[in-house]
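> Next input, structure requested:
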Amino acid sequence: MSKEKKETENTQPARPWLGLLAASTIVIIWSGWLVTSRAGVQSSLTVYDLLAFRFGIASLFALPFVLYAKPWRHMTFQQLWVTTAIIGLPYSLVIFSAFHDAPAAHGAVFMNGMLPTLIMVLGYFMFREKPTKQHIVGAVLIIIGAGFAAFGIAGFDIATTWFGDFLFVVAGSLFACYMILNRVWHLSVTQIWLCGSILNAIMFLPIYFLFLPSGISETPMDQLWFQMGYQGIVPNIIGLVLISIAVRNIGPSVTAALMSGVPAIGAFLAYIFLGETPTWLGVVSLIILTPGIIISSLPSLRNARTPGLTNPR
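Numbers count the residues shown, from 1 in each chain. Down below sits the predicted model:
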């Protein structure tokens, strides 16, 4: 049996400490990425430039490992292209488009903050996994907190940001699907890099170079290098792998609950670097979100007794 096949089968026992460490690191990474992406779309760079950095630079790093491991040999056609879509071009286009209409703090709330609720809903429709009362209470608190946050950014009118907020929810739904399918399919590191970077680069980069507008020539070099480095390495090479480690060891529900802590850190970073000042409603939203996150992340008695998406194997 090949090394890649062993990795794909995910025979290692769950290590909760490793999952918690990975999820905690993701919270910091994703908070920084939200602010970086918002700054990117507000600069002379186009959305297409950011996508080219995301897929192109990540592919240069991942290509040698993927060619060596040949991870496509252990994936079905459905797994290959579904994974490519939900963490690739469609997902990224939705996010970067959302940043044009809504602030970074809204992305933290409506994309990351809503993850526990989205995981709960998708788990029911995809696997008929009924949520417990505990998870329902947590989800309700998170939804209420997200509603307050929608009005909690000074200088932004919800009438003008609603479409961006909607796109953030769509992006969160796609990412929730990735978290669930990652656990079900036991995606390996090289499979994630193949689908998240290389296949999307093959599809997108020729179109980008031939037809799409670019603002690279008008961008100061310090901003350009920062965006290239962060967009090219952090989301696809580091972030998606950490998500995989987290969902395998603590499950997608607990991972999502911890990631819903991004609004607090994201709002703080947006205030420091982008001047997106939170109002008292934004502070109230965090006060409501925090217990919702805690309630959603604590395993219920029923889930402790029975296996499922909410528990590590």
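
> Let me see the ranges of the helices in the stretch 151-300 of the chain.
158-185, 189-193, 199-211, 221-233, 240-259, 262-274, 280-297 (DSSP state H, counting those that start in this stretch).

> Between these, which has the poorest mean confidence score?
Looking at those, the lowest mean pLDDT belongs to helix 262-274 (a mean of 69).

> in which helix or strand would I find the spatially closest residue to Phe268 that is not a sequence neighbour?
Spatial nearest neighbour of Phe268, chain neighbours left out: Ser31 (8.0 Å); criterion: C-beta to C-beta, 6 or more residues apart in numbering. (C-beta placed from N, C-alpha, C; glycine too.) Ser31 belongs to helix 16-41 when elements are defined using DSSP states H and E.

> so what secondary structure elements neighbour whichever helix or strand comes after that helix?
Of the helices and strands lying after helix 16-41 in sequence (DSSP H and E), the nearest is helix 47-52. For helix 47-52, the packing partners by 3 or more C-beta pairs under 8 Å, 6 or more residues apart in numbering; DSSP states H and E come out as helix 16-41, helix 89-101, helix 199-211, helix 221-233.

> Pipe these into CSV and attach distance to Asn182 per row.
Listed next are the helices and strands packed on helix 47-52 as CSV, based on distance: least, C-beta to C-beta, whole Å:
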stretch, distance to Asn182
helix 16-41, 12
helix 89-101, 14
helix 199-211, 16
helix 221-233, 20
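
> how close does the residue nearest to Ile265 when sequence neighbours are not counted sit to Gly239?
Leaving aside its chain neighbours, Ile265 sits nearest to Ser31 (3.9 Å; criterion: C-beta to C-beta, 6+ apart). Separation of Ser31 from Gly239 (C-beta to C-beta, to the nearest Å): 11 Å.

> repeat for Leu187
If you measure Leu187 against Gly239 using C-beta to C-beta, the figure is 14 Å.

> show me where pLDDT drops low in the stretch 51-200 of the chain?
Within the stretch 51-200 of the chain, the stretches with pLDDT under 70 are 104-105, 149-159.

> go with 80
100, 102-109, 112-114, 126-132, 135, 142-143, 145-161 (pLDDT under 80).

> and of the helices and strands packed on helix 47-52, who's closest to Gln134?
Relative to Gln134, the nearest member of the helices and strands packed on helix 47-52 by C-beta to C-beta is helix 16-41, separated by 18.6 Å.

> Point out the other helices and strands that that closest one packs with.
Contacting helix 16-41 under the criterion 3+ C-beta pairs under 8 Å, 6+ apart are the following elements: helix 47-52, helix 89-101, helix 104-107, helix 221-233, helix 240-259, helix 262-274.

> related to what we said a few turns ago, can you list the helices of the stretch 151-300 of the chain in CSV and add distance to Ala22 and mean neighbour count?
As requested, the helices of the stretch 151-300 of the chain are exported to CSV (distance: least, C-beta to C-beta, whole Å; neighbours: other C-beta atoms under 10 Å):
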stretch, distance to Ala22, mean neighbour count
helix 158-185, 12, 20
helix 189-193, 13, 23
helix 199-211, 23, 15
helix 221-233, 17, 17
helix 240-259, 4, 26
helix 262-274, 14, 22
helix 280-297, 14, 19
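
> any idea how far the spatially most central residue of the chain lies from Thr255?
Closest residue to the average C-alpha location of the chain: Phe175 at 5.4 Å, with C-alpha atoms, centre = their mean. In this view, Phe175 and Thr255 are 11 Å apart by C-beta to C-beta.

> buried set for stretch 129-136?
Under the neighbour-count criterion of 16 or more other C-beta atoms under 10 Å, stretch 129-136 has 129, 131, 134-135 buried.
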